[in-house]
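Undergrad: Sharing a model that was predicted from the sequence below.
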Amino acid sequence: MAKESTHTENGSTQQSGGGFLDRILEMLSLDLRSLALLRIGLGVTILIDLLLRSFSLSAHYTDAGIMSLKTLFDLSWRSYYFSLYTFSGGFFYTSLLFIIAAIFAFCLLIGYRTRLFTILSWIMLISLQARNPIILHGGDAWLRITMFWCMFMPLGARWSVDALMNRTPKQLFTFGNNKDAHFSMASVGFIAQIILIYTCSAILKTGKTWQDGSSIHYVLENDQFITPLAPFLAKLTFLTQGMTVGTFYLEEFGALLLLIPFAISRFRWLAIFLFVSLHVGFLIFMTLGLFPVIAIFVWLALIPSSTWEWLKNRNQNTADLKPMVLGQRANDPLAKREVEWMVQLFGLREEQVVRDGTLKSLYRWWVVDDCDQRRDQREAWEFLQENANNPWARYMPLWLWRCICAILHRLPSAKYPWIDETFTAKQRYTLVNMVAGFFVFLTIWWNLETIKMAKMPISLKNVARYARLDQKWNMFAPNPPKSDGWYAMPGRIRDGSTVDLMDDGATFSWDKPDRVFNTFDWPRYRWRKYLANIKGKNKKKHRAEYGKFICRQYNRVEGNINTDRELETFTIEYVKEKINLDFTQGKIDTINLWKHWCFNKFKDRFDKEEEERKKREAAKNPGAKDKKPAEVIDYDTEEQGDV
């Protein structure tokens with residue numbers, strides 16, 4: 001059956017006819033209310049991320065920490081990086097940017113000038129990530145890429161300040177009878193990105209552990225990644241084997257449920273349930289930072305329109321609707337605006353409300369109920385709450401609404417005249433879709449190259465990199481780590497005693513910590529990523545910078561310089577423990593990663609003492625050879641995936 005296009009009064013294009021085409025469009029669309037939920041989730045996630053990073057703000061993002069600007073440009077900078085944090089390495093400037101990023105994220109959360117603050121939040125996010133790339137993990141890449149796609153979508157069309165003030169643009173393309181469905185190349189890219197993340201991750205899991213069902217066992221036995229509940233689950237071998245198989249096939253085929261063009265709502269909800277359950281499991285049993293939180297919000301953005309319509313109808317009982325006259329003070333534009341906001345706030349239907357702006361009154365607005373009784377202020381507010389169709393509006397106190405209105409009245413206009421004068425709404429829609437469509441193409445091509453199914457020209461690859469769409473989803477691929485371990489940092493202080501620099505200067509012990517995962521709790525989980533990344537042979541200079549930071553922190557910041565507690569030297573040791581499938585004690589190797597001297601005077605003194613010791617040893621044993629000093633080696637020879 002041929003499809004027809006009709007033009008509505010507001011200039012939008014509505015697709016009618018062609019049932020199969022409507023199903024395809026529905027399959028690749030996102031509901032505006034789901035996008036609003038995603039906007040709120042992203043705002044909350046960015047604020048939490050900034051809060052957690054702020055615990056190590058000086059250590060991770062200033063010149064006094066592990067990554068000074070000189071170290072960044074010498075060792076970790078890439079030509080496609082962009083960062084506002086590189087203008088200064090001072091604590092005040094960095095803190096100011098954190099505060100600005102938090103303000104932008106809050107504006108995104110409430111949906112004020114949503115498109116603008118989505119773009120600004122993305123800029124602040126890529127700036128922050130480029131400031132110290134050595135502490136990033138998979139969740140950072142997903143958050144960055146999700147923010148990129150959101151710049152092209154109407155996140156503020158529902159449940160936002162923009163929607164409350166009627167500042168959101170009209171939908172220019174609709175299909176069927178669903179006015180809340182958003183279809184664009186950005187929605188296609190958003191859904192394609194989700195499918196690529198899981199499918200590519202499964203394809204890269206080629207290791208033996210994913211074939212024999214032991215992967216989850218290795219993950220849950222790795223003390224660096226787990227929570228206190230994980231050891232109980234790890235002992236259920238039959239369950240971990242089933243979880244390994246289930247996780248692998250869910251990642252490989254589960255996301256493809258989004259591409260089934262019939263019973264779309266049911267298959268979407270099946271996919272949402274399966275993957276949200278997977279990531280809730282990650283939250284309960286593993287410490288992966290914000291990765292599962294981001295994933296859950298992304299999946300909730302796929303909630304179909306039918307669910308929101310069901311919730312809307314469930315809260316709107318047409319049989320109990322009470323007609324009312326919602327009055328506003330005559331010749332008062334502020335009163336008119338507040339009445340419009342209240343209609344949206346309480347979800348009042350047009351057939352339920354008659355607006356009257358002809359009377360003069362001391363009050364800006366009032367209500368005349370179905371019994372022709374006038375109610376002012378508090379009584380009017382309580383009557384509106386009783387008849388509200390939005391459940392959450394029933395609990396908002398009047399004083400809070402007055403504060404909100406006072407703020408909204410003072411907000412400047414969100415219109416951009418130079419844009420309206422340059423492009424029509426249809427031209428803007430076409431341009432945005434062309435740009436988004438190009439990046440959809442790049443994203444698919446990039447991911448096909450990561451699984452060795454295509455080769456991408458370097459010119460296009462650079463375009464994707466500058467847009468910060470670079471990605472590789474090799475979580476626990478091809479194998480999870482088959483060894484566990486913990487860090488030991490014995491330090492010698494001036495009085496000759498040995499302290500534990502991993503435990504705030506306590507007495508050092510080689511014993512395994514009772515709870516290794518407590519070493520990298522939530523506020524400090526990025527330190528785990530940092531220490532894991534500086535273990536390799538090519539990270540010698542990073543280890544030197546870390547050594548300088550430890551000396552500064554212990555001696556100067558903690559006030560131990562020129563005292564008996566002054567730190568002279570320390571070593572970074574990695575105690576590697578093999579994970580056995582039978583739960584027995586694995587082989588333990590202690591690997592020296594780095595030896596550091598805080599001051600040359602300590603090293604010079606040690607060298608003299610060491611030289612005298614060697615002379616004494618040589619006098620006692622004329623033919624003896626000196627032991628070869630420990631070398632910095634790459635501890636990890638097995639192939640494993642990034643987390």
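TA: Perfect, thanks for sending it.
Undergrad: So which bits of the lengthiest strand in the chain are buried?
TA: Looking across the chain with DSSP state E, the single longest strand is strand 567-578. Neighbour-count burial for strand 567-578, counted by 16 or more other Cβ atoms under 10 Å, picks out 567-577. Every residue, glycine included, has its C-beta placed from N, CA and C.
Undergrad: could you dump these to JSON lines with distance to Tyr80?
TA: As requested, those are arranged in JSON lines below (distance: Cβ to Cβ, whole Å):
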{"residue": "Leu567", "distance to Tyr80": "39"}
{"residue": "Glu568", "distance to Tyr80": "42"}
{"residue": "Thr569", "distance to Tyr80": "39"}
{"residue": "Phe570", "distance to Tyr80": "36"}
{"residue": "Thr571", "distance to Tyr80": "37"}
{"residue": "Ile572", "distance to Tyr80": "31"}
{"residue": "Glu573", "distance to Tyr80": "36"}
{"residue": "Tyr574", "distance to Tyr80": "32"}
{"residue": "Val575", "distance to Tyr80": "38"}
{"residue": "Lys576", "distance to Tyr80": "35"}
{"residue": "Glu577", "distance to Tyr80": "39"}
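Undergrad: Report the two of those residues separated the most.
TA: Glu568 and Glu577 (29.3 Å; Cβ to Cβ).
Undergrad: mean confidence score for the longest strand of the chain?
TA: Average pLDDT, strand 567-578: 89.
Undergrad: Packing partners of that strand?
TA: strand 483-488, strand 490-493, helix 540-551, strand 588-597, helix 600-620 (3 or more Cβ pairs under 8 Å, 6 or more residues apart in numbering; DSSP states H and E).
Undergrad: what are the ranges of the strands in the stretch 101-250 of the chain?
TA: Applying DSSP state E, counting those that start in this stretch to the stretch 101-250 of the chain gives strands spanning 173-175, 181-182.
Undergrad: rank those strands by pLDDT, which is bottom?
TA: Here the strands of the stretch 101-250 of the chain differ in mean pLDDT, and the lowest is strand 173-175 at a mean of 64.
Undergrad: Which pLDDT value goes with Glu611?
TA: In the prediction, the pLDDT value recorded for Glu611 is 66.
Undergrad: likewise Gly586?
TA: You'll see Gly586 listed with a pLDDT of 83.
Undergrad: what are the phi and psi angles of it?
TA: With angles defined as degrees, to the nearest 10, Gly586 sits at phi -80, psi 170.
Undergrad: neighbours around it, how many?
TA: Around Gly586 there are 16 other residues, counting by other Cβ atoms under 10 Å.
Undergrad: Which residue, other than its chain neighbours, is closest to it?
TA: Nearest non-adjacent residue to Gly586, counting by Cβ to Cβ, 6 or more residues apart in numbering: Lys578, 3.3 Å away.
Undergrad: show me what contacts that neighbour?
TA: 482-484, 586-588 (Cβ atoms under 8 Å, 6 or more residues apart in numbering).
Undergrad: Tell me how far Glu338 lies from Leu258.
TA: Glu338 is 42 Å from Leu258, where distance means Cβ to Cβ, to the nearest Å.
Undergrad: the more surrounded of the two?
TA: Per other Cβ under 10 Å, whichever of Glu338 and Leu258 has more neighbours is Glu338, with 22 against 19.
Undergrad: Helix or strand: which one has the more buried one?
TA: Assigning secondary structure by DSSP states H and E places Glu338 in helix 333-346.
Undergrad: now that helix: mean pLDDT?
TA: 76.
Undergrad: circling back: going by distance to Gln553, which of the buried residues of strand 567-578 wins?
TA: Nearest member of those to Gln553, counting by Cβ to Cβ, is Leu567, at 9.2 Å.
Undergrad: any idea how far the residue sitting nearest the centre point of the chain lies from Leu128?
TA: Centroid check for the chain by Cα atoms, centre = their mean gives Leu143 as the closest residue, at 3.9 Å. Leu143 is 11 Å from Leu128, where distance means Cβ to Cβ.
Undergrad: quick one: low-confidence ranges for this protein?
TA: Across the chain, residues meeting the criterion (pLDDT under 70) sit at 1-18, 167-176, 315-323, 349-362, 413-423, 515-523, 601-643.
Undergrad: How about Arg386: what's its closest non-neighbour residue?
TA: Wrong residue type there; residue 386 is Glu, not Arg. Leaving aside its chain neighbours, Glu386 sits nearest to Arg394 (7.8 Å; criterion: Cβ to Cβ, 6+ apart).
Undergrad: The one you found against Asn387, yeah?
TA: No - the criterion here is Cβ atoms under 8 Å, and Arg394 misses it with Asn387 at 9.5 Å.
Undergrad: circling back to that earlier point, neighbours of the residue nearest to Glu386, just the number please.
TA: Applying the criterion other Cβ under 10 Å, we find 14 residues in the vicinity of Arg394.
Undergrad: Confirm it sits in a strand?
TA: No - assessed with DSSP: H, G, I helix; E, B strand; the rest coil, Arg394 is helix; it does not lie in a strand.
Undergrad: and it, what does it touch?
TA: Counting by Cβ under 8 Å, 6+ apart, Arg394 has contacts 385-386, 388.
Undergrad: Val280 versus that one, what's the distance?
TA: Here Arg394 is placed at a distance of 30 Å from Val280 (Cβ to Cβ).
Undergrad: again, but for Phe476
TA: Going from Phe476 to Val280 by Cβ to Cβ gives 18 Å.
Undergrad: higher neighbour count, these two?
TA: Taking neighbours as other Cβ under 10 Å, Phe476 and Val280 compare with Phe476 leading, 24 against 13.
Undergrad: From what I see, the more buried one and Leu204 are in contact.
TA: No - using Cβ under 8 Å, Phe476 is not in contact with Leu204; the gap is 9.4 Å.
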